[in-house]
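Colleague: need a 3D model of the sequence below.
(one chain, ligands or ions: 2)
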Amino acid sequence: MYLIDSHCHIDGSQFDEDRDEVVRRAKEAGVAAMLNVGTGDPHSDDFRRAVSVAERYDNVFASVGVHPHDAKLYDDRAEEHLIDLVKKSEKVVAWGEIGLDYYYDHSPRDVQQEVFRRQIRIAKRLGLPIIIHSRDADDDTVKILTEEYAVEPALQKPARSKGTSDRPTDSEVTGNENLKADSRKLKADSWNLENSFQQSAISRQPEGESQSFNTGHQPSAISHQSKSPGVMHCFGGTPEMAGQCLELGFYISFAGNVTFKKAEELRDAARVVPLDRLLVETDCPYLTPVPFRGKRNEPAYVVHTARFLAEFYGIEFEKLAEQTTKNFLDLFRANIAIEDTESS
Ligand SMILES: [Zn+2]
Ligand SMILES: [Zn+2]
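Modeller: Ligands and ions are numbered 1, 2, ... in the order given. All right, here's what the predicted structure looks like:
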């Protein structure tokens with residue numbers, strides 16, 4: 001049994017005293033890998049530090065991208081710095097976290113929106129999946145994602161106007177077909193667990209998955225292409241928003257707050273997420289799941305969130321672990337080395 005913490009911040013100073021221990025405890029708890037998401041001031045050393053933590057440990061990966069809080073600090077120089085980090089380290093497998101945060105409003109909303117769009121385009125160009133942070137900004141987040149991933153105009157308009165007279169470009173055609181195929185699969189596979197688990201997890205499955213959504217954007221040599229555009233991290237939206245994000249091809253990741261007593265609405269959203277689009281995360285040091293709520297969170301605790309969700313979905317914990325691990329590897333194309341202790 002393996003789990004992956006799809007979103008953590010172990011480069012933070014909260015872990016300076018015991019980072020080695022934290023990584024070791026995660027491994028002992030069955031957390032085979034983790035994705036350390038860089039945040040902070042892109043003109044400081046913050047992102048270099050995030051990547052260096054990933055470089056230091058096996059199976060710790062990194063992402064870089066400017067959080068909506070810091071959108072006001074984004075400029076050409078920041079962008080070059082982050083792209084440079086992507087190019088220099090194989091461990092950087094995603095761009096993020098990016099998005100909109102209207103709860104704190106640390107950066108003006110129009111700036112957040114512009115920087116969000118700009119980073120989406122960079123990620124496309126690099127062939128990297130994105131990690132999205134959206135808080136109290138559901139409508140604008142979905143609007144921007146729909147426009148930027150420009151899948152099908154019909155998604156935005158009343159369904160009737162589907163007949164198109166405009167000839168789509170080749171890349172649009174490819175993207176659309178991928179998406180259609182995907183949403184069909186999504187519907188067909190929804191809760192069809194037999195299907196979902198036919199493919200075994202753990203090993204990467206490269207066959208036929210080299211196409212990104214946006215084949216019009218030539219990725220650079222460092223590309224890690226995924227067929228999904230990314231993940232909605234620490235999902236906190238409505239079931240409707242979850243549905244919209246799934247339609248766009250995104251994975252949905254839940255953090256420890258899904259275990260909180262009062263999180264009924266969040267669990268309503270979890271209900272609409274099919275297992276083959278689900279990820280789990282800690283977002284540590286924040287959002288510690290029950291039963292450790294109140295303590296500093298750490299990657300080992302993702303096990304509690306995963307167990308909670310397995311029970312919630314009424315499936316075996318091992319199945320949830322296996323599928324979410326596979327989902328992570330499919331999305332981030334990460335090379336992880338794990339000894340397979342289970343003979344399948
Ligand atoms: Zn976040
Ligand atoms: Zn985060």
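Colleague: give me the residue at the spatial middle of this protein.
Modeller: Note on the chain: the residue nearest the mean C-alpha position is residue 231, at 2.9 Å, using Cα atoms, centre = their mean.
Colleague: and the residue of the stretch 151-300 of the chain found nearest ligand 2, backbone torsions?
Modeller: Across the stretch 151-300 of the chain, no residue is closer to ligand 2 than residue 283, which sits at 4.8 Å (Cβ to the ion). For the C-beta atoms, the positions are set from N, CA and C on the backbone; glycine is no exception. With angles defined as degrees, to the nearest 10, residue 283 sits at phi 60, psi 30.
Colleague: now do the same contact list for the closest residue to residue 258 other than its chain neighbours.
Modeller: In space, not counting the residues next to it along the chain, residue 258 is nearest to residue 266; the distance is 5.2 Å by Cβ to Cβ, 6 or more residues apart in numbering. Applying Cβ atoms under 8 Å, 6 or more residues apart in numbering, we find residue 266 in contact with 235, 236, 254, 257, 258, 260.
Colleague: which pLDDT value does the model give the last one?
Modeller: The reference is to residue 260. On the pLDDT scale, residue 260 is placed at 95.
Colleague: that one touches residue 294, doesn't it?
Modeller: No. With contact defined as Cβ atoms under 8 Å, residue 260 does not count as touching residue 294 (11.4 Å).
Colleague: neighbour-wise, which of those two wins?
Modeller: With neighbours defined as other Cβ atoms under 10 Å, residue 260 and residue 294 compare such that residue 260 has more, 16 against 8.
Colleague: apart from its neighbours in sequence, what residue is nearest the more buried one?
Modeller: residue 290 (6.8 Å).
Colleague: quick one: secondary structure of residue 93?
Modeller: The three-state label for residue 93, taken from DSSP: H, G, I helix; E, B strand; the rest coil, comes out as strand.
Colleague: surely it is in contact with residue 60?
Modeller: No. Contact criterion Cβ under 8 Å: residue 93 and residue 60 do not qualify, at 10.8 Å.
Colleague: quickly list what's touching both of these two.
Modeller: residue 35.
Colleague: which pLDDT value goes with residue 145?
Modeller: Here the pLDDT value assigned to residue 145 is 97.
Colleague: burial count for it?
Modeller: 26.
Colleague: please list the outside residues in contact with the one helix or strand it maps to.
Modeller: In the assignment (DSSP states H and E), residue 145 maps to helix 138-149. The contact list for helix 138-149 (Cβ under 8 Å, 6+ apart) reads 99-100, 102, 109, 113, 116-117, 120-121, 132, 134, 155-156, 175, 213-214, 229, 237-238, 241, 244-245, 248-250.
Colleague: output that helix in PDB with nothing but the alpha carbons.
Modeller: Provided in PDB are the C-alpha atoms of helix 138-149 (Å, rounded to 0.1, in the frame of the first residue of the first chain):
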ATOM      1  CA  ASP A 138     -15.100  29.900  -7.700                       C
ATOM      2  CA  ASP A 139     -16.800  31.800 -10.600                       C
ATOM      3  CA  ASP A 140     -13.700  33.600 -11.700                       C
ATOM      4  CA  THR A 141     -11.500  30.600 -11.400                       C
ATOM      5  CA  VAL A 142     -13.800  28.500 -13.600                       C
ATOM      6  CA  LYS A 143     -14.200  31.300 -16.000                       C
ATOM      7  CA  ILE A 144     -10.500  31.700 -16.500                       C
ATOM      8  CA  LEU A 145      -9.800  28.000 -16.700                       C
ATOM      9  CA  THR A 146     -12.600  27.600 -19.300                       C
ATOM     10  CA  GLU A 147     -11.200  30.400 -21.400                       C
ATOM     11  CA  GLU A 148      -7.600  29.500 -21.100                       C
ATOM     12  CA  TYR A 149      -8.200  25.800 -21.800                       C
END
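Colleague: buried ones in it?
Modeller: 138, 140, 141, 142, 144, 145, 146, 148, 149 (16 or more other Cβ atoms under 10 Å).
Colleague: quick one: it to chain centroid distance?
Modeller: 16 Å (Cα atoms, centre = their mean, to the nearest Å).
Colleague: tell me the contacts of residue 118?
Modeller: 74, 79.
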